[in-house]
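> next come a sequence and a model predicted from it.
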Amino acid sequence: MLANQIAAGEVVERPASVVKELVENSLDAGSKHIDIDIEKGGMRLIRVRDNGMGIHADDLTLAISPHATSKIYTQEDLALISSFGFRGEALASISSVSRFNLTSATASENAVQINCEGKENHEILPASHPIGTTVEVRDLFFNIPARRKFLRTEKTEFTHIETLVKRLALANFPVQFTLQHNQKTIFNFLPAHTDEQKEQRVAKLCGKEFMRHALHIDTAVTGIRLYGWIAQPSFSRSQADLQYCYINGRIVRDKMITHAVKRAYRDVLYHGRFPAFVIFLEMEPKDVDVNAHPQKLEVRFHQGRFVYDFLTKSIEQALADVRPAMPQSFTTSAPQSSPKFSMNHQPRFNFAVEETVQAYKAFHHPSEDQPYQNKRQSEATDMPTTMLPKNEKAQIENIATEIAKQQQSSKLPETLERRPSAEASDMPLGVALAQLHGVYVLAQNDYGLILVDMHAAHERIVYEKMKKAYAAHNIATQLLLLPVTLELNAEEIRCAEKHQQFLLELGLNLEFLGPETLVIREVPSILSADNIAQLLRDVLSELLVCQSSDEVNSRIDTILSTMACHGAVRANRQLSLTEMNSLLRDIETTERSGQCNHGRPTWTALSMTELDKLFMRGR
């Protein structure tokens, strides 16, 4: 008896632990409907009812005996565990610290029940029960006051139970789960068989916002499969509270898996933020040891490095494959707060005259082939005539004619010619209109307004190009017409000499002139040479942190990111329309272009519907 209570200390930590063991037993029994009734946070009552295969009458006594299990027969079975419970400790431990009742019926036998109150003495009685099993656990730790006093409040204990049941419901879509607390239904999840039903269950458990930003992933190699949902970086969290991982349907909290996912997001996640995901790993039972933890929450992999690399590369690729698309992109990007500008800042506009005329005409005379304009045609008839000036059409035509004359007499640069039209599917980010305060690019497409942080977007574009070039050992370089002489301290010079070959591979060709002086003669052609001295200082600062060549290799992306940041266009640099449109096209074809190297968003979108709400149109 004492041994059972000691074992209960490992298996039964709190009421949620009891629920976990009982529900997993129900799943092992092939149940398709599991009802969970809780009273007073599980301290008064935990009842789990299922419609599984049931327990034979002859096995009831063994069911609550320590180390007795029907799921392991040979030593070989221990290496091929496919069930959730297999130790034979759960029911024995639970029954030793509670008033315990188990009722069960099989397809071939009538129902029977067994009762015990924290002791080995028990009795078996006939009962009435449909095929399946019901387990009642009352007054948990009633006979161990020292353990009971460590239980928290009713609300806290039930929160643990609710979180656990949600995790179990996420991993078992075909099973119906109902949860009640104090005779009040908390949730009832119907069986989910289709992809749509599964997504609906995930949305209920993780929130609609998660599913709105989620990417479905399903990839496999020999012996292992990864599938589930990973949230786009725009849905990052301030804490790791929305991270669900399952191995062969089992809930796990594995540090290696968490680190692999975190590494996959390293290029797109803002510092101090956590990714959200619901992922499932399926692999051969012999390749994973689930017997590494008393509560079976941690696992060991026989080929841990292979699993780590598979996870990282699969999620990296899923994130990299995301490209701007319309109109879905309007639902995946949230508007970011704008920087504050002083009131005396003079606005600068780069609109072409002909573009302004055409936009003005289109606003008052919508064409039939523009989705938004079609939607607004009915509004013109509803608009009060007192809001419009008389002879509007004549005034518009006069203004347009006057501006057209000005255009003919003006010498406009070629970069400000009228933009070409294009289909939204070919150009999801539309066409550029202007720059805003030298920081943002404004563009429009058939669905609304696009705002682009030109530095953040160009930084990502340069970074991805440098990664590909470095991987192919093909970073193009250019000689500086005027080499840059740099004064450094002795430690920085030693670091540059130590990593001279690596710097050369990055496209930085250095020549040492003295103990504290060097010359930069060649730089990557993709980078601007405006601030190459500061760039080298920052790269050397990164290298000083690395104590070995292995650490340098592991920080390659960080170093390339630093170089890309220096090579990206800066704020207040005036771009032509051609340059802005080129930037938009590059964003559409660049991997991970939704975020810069530091995890900040590169662009956002406002649909016409959202703009209408801002100005309360249609109310």
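Sure thing, it's come through.
> neighbours of the nearest residue to residue 129 once chain neighbours are set aside, how many?
Distances taken as CB to CB, 6 or more residues apart in numbering put residue 111 closest to residue 129, at 3.6 Å, once the chain neighbours are dropped. Where you see a C-beta, it was placed from the backbone N, CA and C, and this is true even at glycine. For residue 111, the neighbour count with other CB atoms under 10 Å is 20.
> can you give me every residue that contacts residue 111?
103, 104, 105, 126, 127, 128, 129, 130 (CB atoms under 8 Å, 6 or more residues apart in numbering).
> contact partners of stretch 141-150?
5, 9, 43, 97, 98, 99, 117, 118, 140, 151.
> helices along the stretch 501-619 of the chain, start to end?
All helices of the stretch 501-619 of the chain, identified by DSSP state H, counting those that start in this stretch, fall at 532-545, 549-554, 556-567, 577-589, 608-614.
> looking at those helices, which is closest to residue 180?
For residue 180, the closest of these is helix 608-614, at 40.2 Å, according to CB to CB.
> helices or strands up against that closest one?
strand 448-453 (3 or more CB pairs under 8 Å, 6 or more residues apart in numbering; DSSP states H and E).
> which positions in the helix or strand following the strand it packs on come out as buried?
Going down the chain from strand 448-453, the next helix or strand is helix 454-471, by DSSP states H and E. Across helix 454-471, burial judged by 16 or more other CB atoms under 10 Å covers 454-467, 469-470.
> next one: stretch 272-282
274, 275, 276, 277, 278, 279, 280, 281.
> now, which of those sits nearest residue 268?
residue 275 (9.1 Å).
> can you tell me which residues contact the residue nearest the centre of the chain?
Closest to where the C-alpha atoms of the chain average out (CA atoms, centre = their mean) is residue 231, at 2.6 Å. Counting by CB under 8 Å, 6+ apart, residue 231 touches 210, 213, 214, 215, 242, 275, 276, 277.
> okay, who's weakest in those by pLDDT?
Lowest pLDDT of the contacts of residue 231: residue 213, 91.
> so that residue makes contact with residue 230?
No. Counting by CB atoms under 8 Å, residue 213 sits too far from residue 230 to count as a contact (9.5 Å).
> more neighbours: which of those two?
It is residue 230, of residue 213 and residue 230, that has more neighbours when counted by other CB under 10 Å, with 24 against 21.
> roughly how far apart are the more buried one and residue 323?
16 Å (CB to CB, to the nearest Å).
> and if you look at residue 472?
22 Å.
> swap in residue 515?
Distance from residue 515 to residue 323, by CB to CB: 50 Å.
> residue 451 too?
18 Å.
> of the two, who's got more company?
Shown here are residue 451 and residue 323; by other CB under 10 Å, residue 451 has more neighbours (19 against 15).
> and residue 619, how many neighbours?
Neighbourhood size, residue 619 [other CB under 10 Å]: 6.
> got it, and residue 259?
13.
> likewise residue 115?
16.
> just list whatever residues bridge to the nearest residue to it once chain neighbours are set aside.
Take residue 115 and drop its neighbours on the chain: the residue closest to it by CB to CB, 6+ apart is residue 101, 5.1 Å away. On the basis of DSSP bridges, residue 101 is bridged to residue 115, residue 136.
> isn't residue 101 up against residue 117?
No. At 9.6 Å, residue 101 does not count as touching residue 117 under the criterion of CB under 8 Å.
> so between the two, which is more surrounded?
Ranked by neighbour count (other CB under 10 Å), residue 101 and residue 117 place residue 101 first, with 19 against 16.
> the more buried one and residue 525: what is the separation?
Residue 101 is 78 Å from residue 525, by CB to CB.
> quick check: which ranges of the stretch 151-300 of the chain have low pLDDT?
The stretch 151-300 of the chain contains residues with pLDDT under 70 at 291-297.
> and the helices in it?
Counting by DSSP H, counting those that start in this stretch, the helices of the stretch 151-300 of the chain are 154-171, 195-206, 208-212, 255-264.
> reformat those helices as JSON lines; add distance to residue 555.
What follows is the helices of the stretch 151-300 of the chain, written out as JSON lines (distance: least, CB to CB, whole Å):
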{"stretch": "helix 154-171", "distance to residue 555": "35"}
{"stretch": "helix 195-206", "distance to residue 555": "33"}
{"stretch": "helix 208-212", "distance to residue 555": "32"}
{"stretch": "helix 255-264", "distance to residue 555": "13"}
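> which of those helices sits closest to residue 37?
Taking CB to CB, helix 154-171 is the member of the helices of the stretch 151-300 of the chain nearest to residue 37, at 10.9 Å.
> which secondary element of this structure has the worst mean pLDDT?
helix 353-364 (a mean of 39; mean pLDDT, DSSP states H and E).
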